[in-house]
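In: How does the following fold in three dimensions:
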Amino acid sequence: MDVEPVSVILSKNGWIRSAKGHDINPQSLKFLSGDSLLGCLRTKNDKPVVFLDNTGRAYMLYPHSLPSARGNGEPLTGHLSMQPNTHIQYMLSAENDQYFLVGSDNGYGFILKFEDLFTSFKNGKAVVSLKNSHELLEPHRIHDVKKDNILAVTNKGRILIFPLSQLPYLKKGQGNKIISIPEKELYSSTPELLRFLIALPEHAYIVLHSGKHPLKLGPGNQKDYSGMRGQRGKKLPRPYMNIDRVELIPIENIDGQG
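Out: Alright, predicted model coming up:
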């Protein structure tokens, strides 16, 4: 088999297909009525693709086993044995030894390697333990396992930054407490939840987007929000308490910076 770049396309209703090349424009793809794009993953046809469902289970397929993107593809359930009322949330592909940060919205998480997600079983394997129907957060690629920090942001504007080295490497489980959210907040009628869990490269700038109000935190400003794993974190200023997107900018991309 020739090794070629491919784009794996997954719809929200669970239809999968694979297109040759990386020049696919996801916005131009057509879907069955009532369906739309969940993700477009650029990888190579010999690299395993890992799928994570909403219960924290991992499944694995190779792109060369997937239908062509000339049509609408096939239901992913034809390739995997998934439990009723479960759905795929994320697709990942990376080098086997690439580290990822994984966690759930109740404020727990851990570090694992991409290869820890591998399984040959059609029914997958349990990786992230989700308590009380909490949500799996999007896994985040780690740049440097020794030097990165962790950025945790809740949906009520609390932020905590601490060294990634304070979090354990595990193959599966719930992990350790990343940010403290009191139970009365976690299970209130308007719960406070961990919304973003991000591996923060050394010296990177953080841009927190809240509506039309971006807040940029350079390495110096980040110290105001730095602490130890498991602390409560510090509230952002009032206009920025509802963060909808987090952007990281490497220091070499900052104008005027060395």
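
In: In this structure, what residue spans correspond to helices?
Out: For the chain, the helices defined by DSSP state H cover 183-186, 219-222.

In: okay if I get those helices as a markdown table plus mean pLDDT?
Out: Shown next, in a markdown table, are the helices of the chain (pLDDT from 0 to 100):
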| stretch | mean pLDDT |
| --- | --- |
| helix 183-186 | 96 |
| helix 219-222 | 94 |
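
In: Just send these back as CSV, with distance to Asn13 and mean neighbour count too.
Out: Every C-beta, even on glycine, is put in place using the N, C-alpha and C of the backbone. Formatted as CSV, the helices of the chain follow (distance: least, CB to CB, whole Å; neighbours: other CB atoms under 10 Å):
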stretch, distance to Asn13, mean neighbour count
helix 183-186, 31, 12
helix 219-222, 40, 13
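
In: Out of those helices, the one nearest Asp2 is which?
Out: Taking CB to CB, helix 219-222 is the member of the helices of the chain nearest to Asp2, at 44.5 Å.

In: got the CA positions of stretch 118-131 in CSV?
Out: C-alpha atoms of stretch 118-131 as CSV (Å, rounded to 0.1, in the frame of the first residue of the first chain):
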residue,chain,number,x,y,z
PHE,A,118,-5.3,1.9,20.5
THR,A,119,-7.6,-1.1,20.5
SER,A,120,-8.4,-3.9,18.1
PHE,A,121,-11.9,-4.5,19.6
LYS,A,122,-14.9,-3.3,17.7
ASN,A,123,-16.6,-2.3,20.9
GLY,A,124,-13.6,-0.2,21.9
LYS,A,125,-12.1,0.2,25.4
ALA,A,126,-12.8,2.5,28.4
VAL,A,127,-10.3,5.3,28.6
VAL,A,128,-11.7,8.3,30.4
SER,A,129,-14.0,7.6,33.4
LEU,A,130,-16.9,10.1,33.4
LYS,A,131,-18.7,10.5,36.7
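
In: Using the neighbour-count criterion, name the buried positions in that stretch.
Out: 119, 124-125, 127-128, 130 (16 or more other CB atoms under 10 Å).

In: Out of those residues, which two sit at the greatest distance?
Out: Longest distance between any two of these is 17.7 Å, between Thr119 and Leu130; criterion CB to CB.

In: Present the helices of the chain as TSV; the columns should include distance to Gly103.
Out: TSV is the format used below for these (distance: least, CB to CB, whole Å):
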stretch	distance to Gly103
helix 183-186	14
helix 219-222	20
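
In: how about those helices, which one is nearest Ser28?
Out: By CB to CB (comparing all of the helices of the chain), the closest turns out to be helix 219-222, at 38.5 Å.

In: Can you tell me what sits against the closest one?
Out: 149, 161, 203-206, 251 (CB atoms under 8 Å, 6 or more residues apart in numbering).

In: 7 Å instead, please
Out: Here helix 219-222 makes contact (CB atoms under 7 Å, 6 or more residues apart in numbering) with 161, 203, 206.

In: picking up where we left off before, and the buried residues of stretch 118-131, which is closest to Asn85?
Out: Checking these against Asn85 with CB to CB, the nearest one is Leu130 at 13.8 Å.

In: Report the contact partners of the closest one.
Out: So Leu130 contacts 55-56, 104, 136 (CB under 7 Å, 6+ apart).

In: Dead centre of the protein: give me the residue that sits there.
Out: Geometric centre of the chain, nearest residue: Glu138, 2.0 Å, by CA atoms, centre = their mean.

In: which intervals of the stretch 101-250 of the chain have sub-threshold pLDDT?
Out: Along the stretch 101-250 of the chain, the model assigns pLDDT under 70 to no residue.

In: circling back to that earlier point, how much space separates the residue nearest to the centre of the chain from Asp105?
Out: Shown here: Glu138 relative to Asp105, a distance of 11 Å by CB to CB, to the nearest Å.
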